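Curious how this folds, go ahead:
(one chain, ligands or ions: 1)
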Amino acid sequence: MSKDISLVIEPLNNVGVEVSGLDINQPISNELKSQLHAIWLAHGIVVFRDQSDITPESLIEFSRIFGPLEMHPLKATTSAEYPELFVLENGGETDKFNTAYYDGEAIVNRLIWHMDLHYTGKPNRGAILSAVHIAEEDGQTGFGDLAKAYKALPEYLKNKIADLEVAYTFEMQRIKWRFADNSGYEPGPFSPKKPADVGFPDFPDAVYPMVVTHPETGDKILEIVEQFLNRVIEPEKIGMTHAEADQLLHELVEHIRKPEFHYWHDWRIGDMVLWDNWRAMHCTTGTRTGIKRLINRTTIEGSHTLGRQLAASE
Ligand SMILES: [Fe+2]
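Sure thing, here's the model as predicted:
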């Protein structure tokens, strides 16, 4: 019997699957690679536990199964030795720039629902996170399935949004994200105010169909995330006022916040989480100040432009 059929696939809470029976330090046959690729496409969020030794090399090699890897544009946070690795660190030198207040408590690196590189119109294809150092508390990563969120929409909403487009405005200050829940939020004294503060260029608005057809699976994806969400493009085309369009976005944001579309990962050493960034959003709870947490991440390059950059005249 082929070793390749030893994978066991079990559903996670609500969305995604956990795959066991895999050791990333053993040779992975082409058959097993296609099986893993198919699992990723079918489920969008894939957890692997209990890997004995995840080295940068083994993580990078494993990640290549899912496509060519991308070097992240924020060079300062990639590993000098392994440019394919993006290092997410809490409890280090960059904490003060990533600290904000939530109900008066200082939290490092909390991020609301987003998709990576969404603001460029060409999101990453996917990514893998692997825990190097676990926070003693908090530090969870949330994943949300926007294919499932689309399917669960009532028919009248599916019809209403079918031909609409939505604009995302790249903006460093969370208080300016129009659909973030900012109750209890206060920026920290070193929170970046403009992209140049963290070495980013400015980006024009990115516009997406509100329902994106996934280029590989054909699934319909509800292209709504909280981060940078700004407005509906020309709602008057379907007889909607701008106020009604904002109300619609609030309704859709409430929808994607429903726990039934979410899986929360509590990290253990030996874990890897792979997701489809064309389908799944993610977020992090962050940690209290002074807590050490280190996650390595590889990024699978986006091969399709799913959105478009808005021309200045629009
Ligand atoms: Fe992210």
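
Report the buried residues of the helix or strand containing Ala245.
For Ala245, the enclosing helix or strand under DSSP states H and E is helix 242-256. Using 16 or more other CB atoms under 10 Å as the test for burial, helix 242-256 gives 245-246, 248-249, 252-253, 255-256. Any C-beta I mention is one placed from the backbone N, CA and C, and that applies to glycine too.

now, which of those sits nearest Val225?
Nearest to Val225 among these, counting by CB to CB, is Ile256 at 7.1 Å.

Go ahead and confirm that closest one touches Ile221.
No - Ile256 is beyond contact range of Ile221, at 11.0 Å (criterion: CB atoms under 8 Å).

what residues are shared contacts of those two?
Leu146 (CB atoms under 8 Å, 6 or more residues apart in numbering).

Restricting to C-alpha, output the helix or strand that contains Ser34 in CSV.
Element membership for Ser34 (DSSP H and E) is helix 30-43. Only the C-alpha atoms of helix 30-43 are listed here, as CSV (Å, rounded to 0.1, in the frame of the first residue of the first chain):
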residue,chain,number,x,y,z
ASN,A,30,4.9,13.8,-6.1
GLU,A,31,1.7,11.9,-5.4
LEU,A,32,1.7,13.2,-1.8
LYS,A,33,2.5,16.7,-3.0
SER,A,34,-0.6,16.7,-5.3
GLN,A,35,-2.7,15.3,-2.5
LEU,A,36,-1.5,18.1,-0.2
HIS,A,37,-2.2,20.7,-2.9
ALA,A,38,-5.7,19.3,-3.4
ILE,A,39,-6.4,19.5,0.4
TRP,A,40,-5.3,23.1,0.4
LEU,A,41,-7.6,24.0,-2.5
ALA,A,42,-10.5,22.0,-1.0
HIS,A,43,-10.4,23.4,2.5
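
I'd like to know which elements that helix is packed against.
strand 17-20, strand 272-276 (3 or more CB pairs under 8 Å, 6 or more residues apart in numbering; DSSP states H and E).

okay, those strands, which one's buried deepest?
Highest mean neighbour count among the helices and strands packed on helix 30-43 (mean count of other CB atoms under 10 Å): strand 272-276, with a mean of 27.

Name every strand pairing with that strand and say which way it goes.
strand 45-48 (antiparallel), strand 126-133 (antiparallel) (DSSP bridges).

Would you convert those into TSV that also reports mean neighbour count?
Shown next, in TSV, are these (neighbours: other CB atoms under 10 Å):
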stretch	mean neighbour count
strand 45-48	23
strand 126-133	22
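
how about those in JSON lines, adding mean pLDDT?
As requested, these are exported to JSON lines (pLDDT from 0 to 100):
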{"stretch": "strand 45-48", "mean pLDDT": "98"}
{"stretch": "strand 126-133", "mean pLDDT": "96"}
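
And for His304, nearest residue in space, chain neighbours not counted?
If the residues on either side of it in the chain are set aside, His304 comes closest to Pro215, at 4.8 Å by CB to CB, 6 or more residues apart in numbering.

What are the neighbouring residues in contact with that neighbour?
278, 303-304, 306.

which other helices and strands contact the helix-or-strand element of the chain with minimal mean pLDDT?
Across the helices and strands of the chain, mean pLDDT, DSSP states H and E gives its lowest value to strand 86-90, namely a mean of 91. Applying 3+ CB pairs under 8 Å, 6+ apart, we find strand 86-90 packed against strand 293-300.

Convert the C-alpha atoms of the strand it packs on to PDB, please.
Extracted in PDB, the C-alpha atoms of strand 293-300 (Å, rounded to 0.1, in the frame of the first residue of the first chain):
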ATOM      1  CA  ARG A 293       6.500  35.200  20.500                       C
ATOM      2  CA  LEU A 294       8.200  34.200  17.300                       C
ATOM      3  CA  ILE A 295       6.500  32.900  14.200                       C
ATOM      4  CA  ASN A 296       8.200  32.100  10.900                       C
ATOM      5  CA  ARG A 297       6.200  32.500   7.800                       C
ATOM      6  CA  THR A 298       6.700  31.600   4.200                       C
ATOM      7  CA  THR A 299       4.600  33.300   1.500                       C
ATOM      8  CA  ILE A 300       3.300  31.700  -1.700                       C
END
